[in-house]
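Q: sequence plus predicted model, see below.
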Amino acid sequence: MATLAAREDIMLLRYRTAAAAGGPDNTKVKERYIVAKALEGVRVLDFTQYLSGPHCTSVLCELGAEIIKVERPGTGDPERVAAPLTPKGESYQFISYNRGKKSVTLNMKDPEGLELAKKLTAKCDILVENYAPGVMKRMGLDYEVASKINPGIVYASISGFGQTGPRCNEVSYDVVGQAMGGLMSVTGYEGGEPLKAGISLADYMGGYNAVIAILAALHYKTVTGEGQYIDISMQDGIWAMVFPDRADYFDTLIPPKRIGNRLSSSAPFGSYKAKDGYVVVCTITDSQWQNVLKAIGREDLSDDERFATRVLRTKNMAAVEEVLNGWLKEKTVEEALETFKKYKVPCSPVPTFEEVANDPQILHREMIIEVEQPLSGKVKVSGSVYKMSKTPGNRRYSIPLVGQHNEEIYCGLLGLDKSELERLAAKGVI
């Protein structure tokens, strides 16, 4: 990468190793790069707001990329005031998706602002945006323009329905993506109303899919020197998740039903009621089913033809669950789990959010950490899922204030002097 190779923030370490005999003639000078983070030296120009785009760039930041977040002068990203707020008025959501980024303010509707955006594009490896299709073109910085400025740019757009097609210009948020991707048609209880996931899954998938495509494009760039355009649709991402479990529709033409917490391809598999709560029980293999029968004292069903294979157990799901529920209704959650674990049946309780937050495994894995924020002081945030032996993810960052890094980026990176910075600020360009 042209920008990456020229960067000074990757340490070049020279060290000498002497041969056993020693002496100048036997001394070799070696060079190697010491990279503390997987994406160290990669610079991202971030034109994102709300969730899907900021989530994408937050993952890149977590893996070591430098993120230059472009915000509106004065107000910044609208997500900064999204509820719930800390007692000091900082958004928990904004904290989650914008830690460690560098904030610059920029009004791209002003010609001088657009020119600054183009200069930033020339200095970056990646550009990410999640505006509605056509917005970046109207502002004067779509991929066609950006790639002429920087032929190696990896340019990613995240939107509800993608950049092409009959729905591409429809307004979309997460729940629209979940509905139009088919998730709500299969989520919920049989005969009940459609349900969305309990989190913004379409937004998250849009962000994650963009990260995957960006990393693939970066590898392509290291091989060819060429950048490329990435078009990510939230609808596509949800549909790609839903499709495999319901692919038989294209043979049977029978619309899939909602099945609650069950799995459409195995039984028992889901959450089941005990005396004082719920227990998750999972079986895939025939041996796991036999272990369930041993655990509940129903080995008399070991040779029952209705349950002989996974396919048959799925077909006879109601009968399978009748057997399991008959045993569970007499057991507490603790008793059931102790028995199932004895027979190595995959199982768990269904803990509350509070219980998960205090789960020893979550705490051991440092999935809850405290990070100092500009106004709120120490705030609990999620830790990094990327436990890598050489370049682990890092989320121990604070969020930037609006425009906090204007001087660093505009003066340090683009070479503007402070008087020019003051003029642009007074004019409302930054």
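A: Cool, got the structure.
Q: and Q178, that one's in a helix?
A: Yes - the assignment for Q178 is a helix, going by DSSP: H, G, I helix; E, B strand; the rest coil.
Q: my guess is it contacts I238. True?
A: Yes - if you go by Cβ atoms under 8 Å, Q178 and I238 touch, sitting 5.9 Å apart. Any C-beta I mention is one placed from the backbone N, CA and C, and that applies to glycine too.
Q: which ones are touching T121?
A: L45, L127, L141, A146, I149, N150, I153 (Cβ atoms under 8 Å, 6 or more residues apart in numbering).
Q: pLDDT score assigned to the third one?
A: It stands for L141. Listed pLDDT for L141 reads 98.
Q: cool, the second one as well?
A: As summarised for this prediction, L127 has a pLDDT of 99.
Q: now the helices for the stretch 51-200 of the chain?
A: 52-62, 92-98, 111-122, 135-139, 143-149, 174-180, 183-186 (DSSP state H, counting those that start in this stretch).
Q: report the secondary structure state of T339.
A: helix.
Q: look up how far G227 lies from it.
A: Using Cβ to Cβ, to the nearest Å, T339 is found at 57 Å from G227.
Q: more neighbours: which of these two?
A: More crowded of T339 and G227, by other Cβ atoms under 10 Å: G227, with 23 against 17.
Q: mind listing what the most centrally placed residue in the chain touches?
A: Of all residues in the chain, the one closest to the mean position by Cα atoms, centre = their mean is Y208, 4.1 Å from it. For Y208, the contacting residues are H55, C56, V59, G237, by Cβ under 8 Å, 6+ apart.
Q: could you redo the last one with a cut-off of 6 Å?
A: If you count contacts by Cβ atoms under 6 Å, 6 or more residues apart in numbering, Y208 has none.
Q: tell me if it really is in a helix.
A: Yes - secondary structure of Y208 (three-state DSSP): part of a helix.
Q: let me know the pLDDT of it.
A: For Y208, the pLDDT comes out at 98.
Q: cool, I10 as well?
A: Per-residue confidence (pLDDT) for I10: 40.
Q: use 36 as the first number for this chain going forward.
A: Understood, numbering begins at 36; the last thing we discussed is I45.
Q: could you list the domains of the chain?
A: With domains defined by automatic domain parsing, the chain comprises 37-69, 78-276+423-462, 304-385.
Q: distance to Q396 added to those, as CSV?
A: Below are the domains of the chain laid out as CSV (distance: least, Cβ to Cβ, whole Å):
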stretch, distance to Q396
domain 37-69, 33
domain 78-276+423-462, 18
domain 304-385, 11
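Q: these: which one's closest to E401?
A: Minimum separation from E401 across those (Cβ to Cβ) falls at domain 78-276+423-462, 9.7 Å.
Q: starting at the chain centroid, how far to that closest one?
A: The chain centroid and the centroid of domain 78-276+423-462 are separated by 12 Å, computed with Cα atoms, centre = their mean, to the nearest Å.
Q: for it, measure first residue to last.
A: The first residue of domain 78-276+423-462 is 28 Å away from its last residue (Cα to Cα, to the nearest Å).
Q: next: stretch 227-247.
A: Stretch 227-247 has an end-to-end distance of 35 Å (Cα to Cα).
Q: try stretch 200-207
A: 14 Å.
Q: buried sites along it?
A: Residues C203, S207 are the ones in stretch 200-207 that count as buried (16 or more other Cβ atoms under 10 Å).
Q: in stretch 281-295, what counts as buried?
A: Of all the residues in stretch 281-295, those buried under the rule 16+ other Cβ under 10 Å are P291, R293, I294.
Q: between those, which is nearest S235?
A: R293 (20.6 Å).
Q: which SSE is immediately downstream of the helix or strand hosting K256?
A: For K256, the element it lies in under DSSP states H and E is helix 236-259. Sequence-wise, the next helix or strand downstream of helix 236-259 (DSSP H and E) is strand 263-268.
Q: can you spell out which helices and strands pack onto that following strand?
A: Using 3 or more Cβ pairs under 6 Å, 6 or more residues apart in numbering; DSSP states H and E, the elements in contact with strand 263-268 are strand 189-194, helix 236-259.
Q: and the angle from it to helix 87-97?
A: Strand 263-268 runs at 130 degrees relative to helix 87-97, counting by axes from the mean of the first three to the mean of the last three Cα atoms, to 10 degrees.
Q: list the strands paired with strand 263-268, with their directions.
A: strand 189-194 (parallel) (DSSP bridges).
Q: quick check: angle from the strand it pairs with to helix 236-259?
A: Using the same axes, to 10 degrees, the inter-axis angle of strand 189-194 relative to helix 236-259 is 160 degrees.
Q: what's strand 189-194 in contact with?
A: So strand 189-194 is contacted by 87-88, 161-165, 168, 178, 181, 241, 245, 249, 252, 262, 264-267 (Cβ under 6 Å, 6+ apart).
Q: for Q128, see how far away A214 is.
A: 22 Å.
Q: ok, and the closest non-adjacent residue to L336?
A: Taking Cβ to Cβ, 6 or more residues apart in numbering as the measure, L336 lies nearest to L328, with 5.6 Å between them; neighbours along the chain are not counted.
Q: look up which helix or strand the one you found falls in, please.
A: Here L328 is covered by helix 321-330, with elements defined by DSSP H and E.
Q: give the buried residues for that helix.
A: Buried residues in helix 321-330, defined by neighbour count with 16+ other Cβ under 10 Å: Q323, W324, Q325, N326, V327, L328, A330.
Q: just send those back as a markdown table, with distance to G99 too.
A: Shown next, in a markdown table, are the buried residues of helix 321-330 (distance: Cβ to Cβ, whole Å):
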| residue | distance to G99 |
| --- | --- |
| Q323 | 41 |
| W324 | 45 |
| Q325 | 48 |
| N326 | 44 |
| V327 | 45 |
| L328 | 50 |
| A330 | 46 |
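Q: turn those residues into JSON lines, columns for distance to L359 and pLDDT.
A: JSON lines is the format used below for the buried residues of helix 321-330 (distance: Cβ to Cβ, whole Å; pLDDT from 0 to 100):
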{"residue": "Q323", "distance to L359": "13", "pLDDT": "98"}
{"residue": "W324", "distance to L359": "11", "pLDDT": "98"}
{"residue": "Q325", "distance to L359": "14", "pLDDT": "98"}
{"residue": "N326", "distance to L359": "13", "pLDDT": "98"}
{"residue": "V327", "distance to L359": "7", "pLDDT": "98"}
{"residue": "L328", "distance to L359": "10", "pLDDT": "98"}
{"residue": "A330", "distance to L359": "10", "pLDDT": "98"}
